[in-house]
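>>> 3D, please:
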Amino acid sequence: MANDVFVLGGHQTDFARNWNKEGKHFLAMMRESVLGALELTDVPPADIEVAHVGNFAAELYCKQGHLGAFFVEIDPAFSGLPTSRHEAACASGSIALLAASAEIEAGRYGLACVVGVEQMKTVGSKVGGDFLGTAAWYELEAEGIDFPFPKLFGKLGDEYDKRYGLKAEHLDAISVINYANAKLNPNAQTRNWYMSADHAACKGDDNPAVGGRIHLTDCSQVTDGAATLLLASRDYAADYARRRGIDLDAIPRLAGWGHHTAPLRFADKVKESKGHKYVLPHVRATVTDAMGRAGIASVDSIDGIETHDCFTTSEYMAIDHFGLTAPGESWKAIEEGRIALTGDTPINPSGGLIGAGHPVGATGVRQCLDAYKQVTGTAGDYQVEGARTFATLNIGGSGTTSVSFILSR
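Below you'll find the predicted structure:
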């Protein structure tokens with residue numbers, strides 16, 4: 001189709017770095033990611049026609065808004081470039097990708113650069129937890145509450161337990177898998193951390209509770225990082241393929257996308273889903289929309305998934321919402337080894353948000369970058385053998401904004 005969107009490649013920063021300790025501005029992080037993407041794809045800066053920046057809360061963490069304007073500071077060739085910044089909590093990066101892909105589909109531009117960025121290590125954990133609370137309904141769900149999001153996603157586990165039953169051992173297994181995968185990822189924040197099944201199962205001082213059933217090992221990381229992707233029209237991609245002496249079919253496409261927004265308060269989500277077989281039906285619709293647009297009948301046609309494991313409960317939810325099991329039976333896919341790196345549908349081979357890291361505004365872009373690596377066979381030690389179709393699921397808030405992409409080659 002004339003309006004296909006091709007993914008040329010990209011670059012991410014090392015998510016283990018602390019840019020504040022290095023004395024560097026978030027612009028340095030953006031610059032490293034964007035210039036790295038241009039170098040890896042062999043695209044000259046002057047070819048970029050439009051840029052989109054995904055970011056959640058630079059106004060809070062860095063006292064800086066207007067992030068789209070910082071893109072033009074990266075290279076002199078970008079002066080005058082049309083840019084914009086997109087915010088949807090932890091789904092900010094995916095919303096930026098949606099905007100860029102829509103412009104390409106509309107024929108406005110032939111080559112777009114999307115960079116997601118977040119610098120979070122500028123404040124302590126308690127203040128940072130309060131900042132993250134603004135992704136919920138702050139006055140009603142977060143104000144005056146220490147670490148509100150672990151508590152909200154603990155309630156997601158509570159709802160599963162109420163409807164279907166939920167064992168801690170299955171959440172522990174998700175954590176262990178993601179930490180193990182992260183050890184294979186040279187950009188993962190926790191690649192050198194210690195983790196074992198015994199540690200994840202420990203619920204004492206070594207692994208304290210931070211929100212109901214959510215313990216420290218159930219949580220994603222506080223991360224500084226940026227990730228960049230280049231999206232191209234069919235015409236640009238065809239010319240790019242000719243110049244590189246490769247077949248156009250070797251370049252992955254954004255084959256499908258889904259995007260839904262649920263009520264902001266978690267209690268309202270639960271109330272709305274009463275009697276529904278899926279705990280978060282809007283997330284389920286996001287996934288099925290993406291698969292439908294990609295012409296995929298079921299998850300059986302997907303070789304792997306990069307999903308939003310901000311907490312183990314959100315990955316547990318993703319398993320049945322993608323259709324790997326019947327609703328409420330995510331534990332079966334865990335026990336059967338289906339989501340492990342060697343399983344039939346590996347989840348988070350990168351390590352996910354728990355293992356690889358979660359720079360909030362960059363996560364959606366990083367997920368798609370890892371999906372790109374998988375379908376091009378360039379994921380290195382965490383490569384899923386024979387992968388040609390990969391899915392992502394990126395969630396902002398407590399299941400509020402959800403975006404899914406299907407990348408296929």
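>>> contact partners for G116?
Applying CB atoms under 8 Å, 6 or more residues apart in numbering to G116 gives the contacts 53-55, 92-93, 96, 226-228, 359, 361-366. Any C-beta I mention is one placed from the backbone N, CA and C, and that applies to glycine too.
>>> among those, which are located in strands?
With strands taken from DSSP state E, the overlap with the contacts of G116 comprises V53, G54, A226, A227, T228.
>>> just name the closest of those residues to F147, please.
F147 lies nearest to G54 out of those, by CB to CB, at 23.9 Å.
>>> wait, isn't that closest one in contact with R366?
No - assessed by CB atoms under 8 Å, G54 is found out of contact with R366, at 10.1 Å.
>>> overlap in contacts of those two?
Taking CB under 8 Å, 6+ apart as the criterion, G54 and R366 both touch G93, G116.
>>> where along the protein do the strands fall?
5-12, 50-54, 83-86, 111-118, 209-211, 214-215, 225-233, 253-261, 304-307, 389-396, 401-408.
>>> least reliable of those strands by average pLDDT, please.
Of all those, mean pLDDT reaches its minimum on strand 209-211 (a mean of 86).
>>> what sits up against that strand?
F147, P148, F149, P150, K151, L152, F153, G154, K203, H215, L216, C219.
>>> let's see that with 7 Å instead.
By CB atoms under 7 Å, 6 or more residues apart in numbering, the surrounding residues in contact with strand 209-211 are F147, P150, K151, G154, H215, L216, C219.
>>> closest one of the residues you listed to V5?
Among these, C219 lies closest to V5 (CB to CB), at 33.5 Å.
>>> quick one: pLDDT of the closest one?
Here the pLDDT value assigned to C219 is 95.
>>> burial count for N3?
N3 has 12 neighbours, counted by other CB atoms under 10 Å.
>>> ok, the nearest residue to it once chain neighbours are set aside to P44 distance?
Nearest residue to N3, sequence neighbours excluded (CB to CB, 6 or more residues apart in numbering): E105, at 4.2 Å. Plainly put, E105 is 24 Å away from P44 if you go by CB to CB, to the nearest Å.
>>> which of these two has more neighbours?
Ranked by neighbour count (other CB under 10 Å), E105 and P44 place E105 first, with 16 against 9.
>>> that one and L98 touch, don't they?
No - between E105 and L98 there is no contact under CB atoms under 7 Å: 10.3 Å.
>>> contacts for the helix or strand bottoming out on mean pLDDT in the chain, please.
Within the chain, no helix or strand scores below helix 197-201, which has a mean of 75 by mean pLDDT, DSSP states H and E. Residues from elsewhere that reach helix 197-201 (CB under 7 Å, 6+ apart): E169, D172, S175, V176, D206, N207, T217.
>>> identify each buried residue in that helix, please.
H199, A200, A201 (16 or more other CB atoms under 10 Å).
>>> likewise stretch 368-386?
Result for stretch 368-386 [16+ other CB under 10 Å]: buried residues 368-376, 379, 382-384.
>>> roughly how far is that stretch from the heart of the chain?
Relative to the mean C-alpha coordinate of its chain, stretch 368-386 is positioned 15 Å out (CA atoms, centre = their mean, to the nearest Å).
>>> now do the end-to-end distance for that stretch.
From its first residue to its last, stretch 368-386 covers 18 Å (CA to CA, to the nearest Å).
>>> pull the residues that contact that stretch.
Applying CB under 7 Å, 6+ apart, the contact partners of stretch 368-386 are 7, 9-10, 12, 97, 181, 184-185, 227, 229, 252, 303-304, 306, 341, 346, 349-350, 387-390, 392, 405, 407-409.
>>> could you do stretch 33-42 as well?
Stretch 33-42 is contacted by residues 8-13, 45, 74, 113, 115, 226-228, 230 when judged by CB under 7 Å, 6+ apart.
>>> fine by me, we can end here.
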